[in-house]
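1. Build me a model from this:
(one chain, ligands or ions: 1)
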Amino acid sequence: MTTADAKRVDTILKGREGASGELIEALQDIQDAFKYLPEEALRSVSEKMAVPLIEVFRVANYYKAFTLQPRGRHLLTVCMGTACHVRGAPRFLDEVLGQLDIKPGETTEDGDFTVETVNCLGACALGPVVVLDGKYHDHMTAGKLRALIQGTLSKKAKKTGDR
Ligand code: FES
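-> Modelled structure (predicted):
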């Protein structure tokens, strides 16, 4: 972590010294700031909030929302639960992974996309369901997902072109 990153962590932890009951909130704030939980940040959390490091790692590993690996600018979550699975999720998951040239849980080399799978997104009747950057997309198909990813990439290209 850079000095600036360490300062961001200090700011997040300010006022939470010894407040072990706020561990999850602090981890959420760090994840929001960095898009993942850097190890050094977890060490600061342990030290400042007076929570044993093993407990900080246990909580960080327990909740699916937390990640210890840096994520891409866009997070695509594909539901592979039974309802979505039987409606074709594996087919478009394979296609999107091939298109982005990554495996589930990985991030593209350019840092654009991370693709993760989950076992249910709580919207089974609308399956197959994917979530892109926090937005739910239901009744997904290979074509719709291709268009969604293409649309996200074109927005980036447009932004870069606008500069
Ligand atoms: S199985 Fe996909 S939303 Fe429940």
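2. Which single residue in this protein comes nearest to the ligand?
-> In the chain, no residue comes nearer to the ligand than residue 81, which is 2.5 Å away by CB to the nearest ligand atom. All C-beta atoms are positioned from the backbone trio N, CA, C, and that covers glycine.
3. isn't residue 111 right next to residue 69, touching?
-> No: Residue 111 sits out of contact with residue 69 when judged by CB atoms under 8 Å, with a separation of 11.9 Å.
4. give me the low-pLDDT residue ranges for the chain?
-> Within the chain, the stretches falling below the threshold (pLDDT under 70) are 157-163.
5. Alongside the ligand, which residues does it contribute?
-> With CB under 6 Å from any ligand atom as the criterion, the chain comes near the ligand at residues 79, 81-84, 120-124, 127, 129.
6. Now, those that are in strands?
-> Within these, membership in strands is found for residue 79, as judged by DSSP state E.
7. The residues of the chain next to the ligand, buried ones only, as a ChimeraX selection?
-> Selection of the buried residues among the residues of the chain next to the ligand in ChimeraX, burial being defined by 16 or more other CB atoms under 10 Å:
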select :79,81,83,84,121,123,127,129
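8. ok, so of the residues of the chain next to the ligand, who is nearest residue 30?
-> Using CB to CB, residue 121 is the member of the residues of the chain next to the ligand that lies nearest residue 30, at 24.1 Å.
9. do you know how far that closest one is from residue 80?
-> 10 Å (CB to CB, to the nearest Å).
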